[in-house]
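Undergrad: missing the sequence, but the structure's below:
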């Protein structure tokens, strides 16, 4: 996995491999946004997701991407 910067606007901190945001921005998010990113991530990482029908897997991935976009938008707006 390659290094990347935190997706929060103006942040130049590197995120650790497997992390979505740098620590200050992650914990600065409202808890409901963090919870939604975690909830959708756990679904994608689950064995149930890997056995699901393609349509369900796609819906799960879209839900995760939407949760990430909402978290980024919270910082970027």
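TA: Nice, thanks for sending it over. A quick note: this is a predicted structure, and the numbers were derived from the prediction, not measured. Numbers count the residues shown, from 1 in each chain.
Undergrad: going forward, measure contacts between C-alpha atoms and count neighbours the same way
TA: Will do.
Undergrad: This protein: helices as residue ranges?
TA: Here the chain has its helices, by DSSP state H, at 23-28, 31-45, 47-51, 54-76.
Undergrad: looking at those, which has the lowest confidence?
TA: Mean pLDDT is lowest for helix 47-51 among the helices of the chain, at a mean of 82.
Undergrad: Show me what that helix is packed up against.
TA: Using 3 or more CA pairs under 8 Å, 6 or more residues apart in numbering; DSSP states H and E, the elements in contact with helix 47-51 are helix 54-76.
Undergrad: Try it again at 10 Å.
TA: Judged by 3 or more CA pairs under 10 Å, 6 or more residues apart in numbering; DSSP states H and E, helix 47-51 is in contact with helix 31-45, helix 54-76.
Undergrad: out of those, which comes closest to residue 22?
TA: When the helices and strands packed on helix 47-51 are compared by CA to CA, helix 54-76 sits nearest residue 22, at 11.9 Å.
Undergrad: Most distant residue from the centre of the chain?
TA: Largest separation from the mean C-alpha position in the chain: residue 53, at 22.2 Å (CA atoms, centre = their mean).
Undergrad: Against residue 48, how distant is the residue sitting nearest the centre point of the chain?
TA: With distances taken as CA atoms, centre = their mean, residue 68 lies nearest the centre of the chain, 4.1 Å away. Noted for residue 68: a distance of 21 Å to residue 48, by CA to CA, to the nearest Å.
Undergrad: next one: residue 70
TA: 25 Å.
Undergrad: out of those two, which sits in the busier spot?
TA: residue 70 (16 against 11; other CA atoms under 10 Å).
Undergrad: dump the residue contacts of that one.
TA: Taking CA atoms under 10 Å, 6 or more residues apart in numbering, we find residue 70 in contact with 33-34, 36-37, 64, 76.
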